[in-house]
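# Whatever this is, show me its structure:
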Amino acid sequence: MLTPNNKMAVWLKVAVRRDVLQRSLRVALVVGTLLILINYTDRFMNHALGGFDFLKMGLTYLVPYGVSTYASVNAILREKRG
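Numbers count the residues shown, from 1 in each chain. Down below sits the predicted model:
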(Lines give C-alpha, C1' and ligand atoms only; values in the text may rest on other atoms or scores of the structure.)
Protein backbone atom coordinates (compact mmCIF):
# COMPACT_ATOMS: atom_id res chain seq x y z
CA MET A 1 0.00 0.00 0.00
CA LEU A 2 1.25 3.45 -0.87
CA THR A 3 1.79 5.93 1.94
CA PRO A 4 1.14 9.63 1.34
CA ASN A 5 4.91 10.19 0.94
CA ASN A 6 5.14 7.38 -1.62
CA LYS A 7 2.12 8.74 -3.51
CA MET A 8 3.78 12.14 -3.72
CA ALA A 9 7.05 10.59 -4.89
CA VAL A 10 5.25 8.63 -7.63
CA TRP A 11 3.28 11.74 -8.65
CA LEU A 12 6.45 13.86 -8.87
CA LYS A 13 8.29 11.15 -10.80
CA VAL A 14 5.57 11.21 -13.45
CA ALA A 15 5.44 15.04 -13.41
CA VAL A 16 9.09 15.30 -14.46
CA ARG A 17 8.81 12.78 -17.29
CA ARG A 18 10.02 14.22 -20.58
CA ASP A 19 6.65 13.83 -22.32
CA VAL A 20 4.76 15.49 -19.48
CA LEU A 21 7.23 18.37 -19.29
CA GLN A 22 7.11 18.95 -23.05
CA ARG A 23 3.31 18.87 -23.17
CA SER A 24 2.99 21.21 -20.20
CA LEU A 25 5.50 23.66 -21.65
CA ARG A 26 3.68 23.73 -25.01
CA VAL A 27 0.33 24.32 -23.30
CA ALA A 28 1.83 27.03 -21.08
CA LEU A 29 3.39 28.77 -24.07
CA VAL A 30 0.19 28.81 -26.13
CA VAL A 31 -2.34 29.51 -23.38
CA GLY A 32 -0.09 31.88 -21.44
CA THR A 33 0.62 33.93 -24.57
CA LEU A 34 -3.10 34.11 -25.39
CA LEU A 35 -3.87 35.27 -21.84
CA ILE A 36 -1.16 37.92 -22.02
CA LEU A 37 -2.49 39.16 -25.36
CA ILE A 38 -6.01 39.34 -23.95
CA ASN A 39 -5.00 41.06 -20.73
CA TYR A 40 -2.14 43.37 -21.75
CA THR A 41 -2.57 44.41 -25.40
CA ASP A 42 -4.19 47.72 -24.45
CA ARG A 43 -1.40 48.57 -21.99
CA PHE A 44 1.22 47.58 -24.57
CA MET A 45 -0.37 49.73 -27.27
CA ASN A 46 -0.50 52.71 -24.88
CA HIS A 47 3.12 52.19 -23.76
CA ALA A 48 1.83 51.82 -20.21
CA LEU A 49 3.52 48.59 -19.16
CA GLY A 50 5.41 48.74 -15.88
CA GLY A 51 7.86 46.42 -14.18
CA PHE A 52 5.13 44.76 -12.14
CA ASP A 53 3.22 43.99 -15.35
CA PHE A 54 6.20 42.04 -16.68
CA LEU A 55 6.33 40.04 -13.44
CA LYS A 56 2.63 39.25 -13.75
CA MET A 57 3.10 38.25 -17.39
CA GLY A 58 5.79 35.79 -16.38
CA LEU A 59 3.57 34.34 -13.68
CA THR A 60 0.74 34.04 -16.22
CA TYR A 61 2.60 31.11 -17.80
CA LEU A 62 2.67 29.18 -14.51
CA VAL A 63 -1.08 28.64 -14.32
CA PRO A 64 -1.54 26.74 -17.60
CA TYR A 65 1.72 24.87 -16.92
CA GLY A 66 0.40 23.71 -13.55
CA VAL A 67 -3.02 22.77 -14.87
CA SER A 68 -1.56 20.81 -17.77
CA THR A 69 0.92 18.99 -15.53
CA TYR A 70 -1.77 18.14 -12.99
CA ALA A 71 -4.13 16.80 -15.67
CA SER A 72 -1.42 14.82 -17.46
CA VAL A 73 -0.03 13.19 -14.33
CA ASN A 74 -3.43 12.24 -13.00
CA ALA A 75 -4.48 10.80 -16.39
CA ILE A 76 -1.30 8.73 -16.62
CA LEU A 77 -1.67 7.42 -13.05
CA ARG A 78 -5.36 6.62 -13.57
CA GLU A 79 -4.51 4.69 -16.73
CA LYS A 80 -1.84 2.68 -14.92
CA ARG A 81 -4.28 1.76 -12.12
CA GLY A 82 -7.06 0.62 -14.36
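# and after the longest helix seen in the chain, which helix or strand comes next?
In the chain, taking DSSP state H as the definition, the longest helix is helix 18-45. For helix 18-45, the following helix or strand on the C-terminal side (DSSP states H and E) is helix 51-60.
# Can you tell me the element the residue sitting nearest the centre point of the chain falls in?
Centre of the chain computed as the mean C-alpha position; nearest residue by CA atoms, centre = their mean is Y65, 0.7 Å away. Following DSSP H and E, one finds Y65 within helix 62-81.
# ok, the residue nearest to the centre of the chain touching R26?
No - contact criterion CB atoms under 8 Å: Y65 and R26 do not qualify, at 9.8 Å. For the C-beta atoms, the positions are set from N, CA and C on the backbone; glycine is no exception.
# if we can go back for a sec, so what's the residue nearest to the centre of the chain up against?
Counting by CB atoms under 8 Å, 6 or more residues apart in numbering, Y65 makes contact with 24-25, 27-28, 32.
# is it possible to export these to JSON lines including neighbour count?
Below are those laid out as JSON lines (neighbours: other CB atoms under 10 Å):
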{"residue": "S24", "neighbour count": "21"}
{"residue": "L25", "neighbour count": "15"}
{"residue": "V27", "neighbour count": "18"}
{"residue": "A28", "neighbour count": "20"}
{"residue": "G32", "neighbour count": "19"}
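# Go through those residues and say which is closest to V73.
V73 has its nearest neighbour among the contacts of Y65 in S24, at 9.4 Å by CB to CB.
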